[in-house]
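1. attaching a predicted model along with its sequence, questions to come.
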Amino acid sequence: MLYIEEGVRDTAWSVSEWFMREYLSNHRVFIAVEERDLSEEGVDGWCIKETENEFLIQIDKNLEYDYIPTLLHELYHVLQWLEGKKQDEYECMSMELPLYEEYMGRFRQTT
């Protein structure tokens, strides 16, 4: 299940729904996405595990071009937790571009 806080840009819904369908369909999971000013924390986003299958993702509301890669990064943390993997920042960072390209590839027309 997915909850997008009121006022969060539409992109959050589209990206999160896609990721859940493609990578989390075998898991029973609840993800809430919020936008906050995280500039004082010095991060672009957080993924907070609240229970075994409930997660809160906070994205810096000031992000522009990094918004989708950051959201995908945080969603990948959810996958790491659900699969019992160690929270690996390097792995999440290395997955940002491939996930972004896969997500954006849905919009390309095939000839």
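-> That came through fine.
2. burial measure for residue 67, as a count.
-> For residue 67, the neighbour count with other CB atoms under 10 Å is 20. Where you see a C-beta, it was placed from the backbone N, CA and C, and this is true even at glycine.
3. which residues of this protein score low on pLDDT?
-> Across the chain, the ranges flagged by pLDDT under 70 are 108-111.
4. tell me where it has helices.
-> Taking DSSP state H to define them, one finds helices in the chain at 10-23, 67-82, 89-105.
5. buried deepest among those helices, which one?
-> Among the helices of the chain, helix 67-82 has the highest mean neighbour count (mean count of other CB atoms under 10 Å), at a mean of 21.
6. which residues does that helix contact?
-> 9, 11-12, 15-16, 19-20, 23-24, 27, 29, 31, 33, 44-47, 49, 53, 55, 57, 59-60, 63, 86-88, 91-93, 95-97, 99-100, 103 (CB atoms under 8 Å, 6 or more residues apart in numbering).
7. hang on, residue 103 packs against residue 18?
-> Yes - using CB atoms under 8 Å, residue 103 is in contact with residue 18, at 5.7 Å.
8. give the contact list for residue 91.
-> Taking CB under 8 Å, 6+ apart, one finds 76, 80 in contact with residue 91.
9. quick check: the gap between it and residue 99.
-> Taking CB to CB, to the nearest Å as the measure, residue 91 falls 12 Å from residue 99.
10. how far does stretch 2-19 stretch from start to finish?
-> 11 Å (CA to CA, to the nearest Å).
11. now do stretch 53-72
-> Rule used - CA to CA; the end-to-end distance of stretch 53-72 is 18 Å.
12. next, the buried residues of it.
-> By 16 or more other CB atoms under 10 Å, the buried positions in stretch 53-72 come out as 53, 55-60, 63, 67-72.
13. closest to residue 40 out of those?
-> Among the buried residues of stretch 53-72, residue 60 lies closest to residue 40 (CB to CB), at 10.2 Å.
14. I appreciate the help and will end here.
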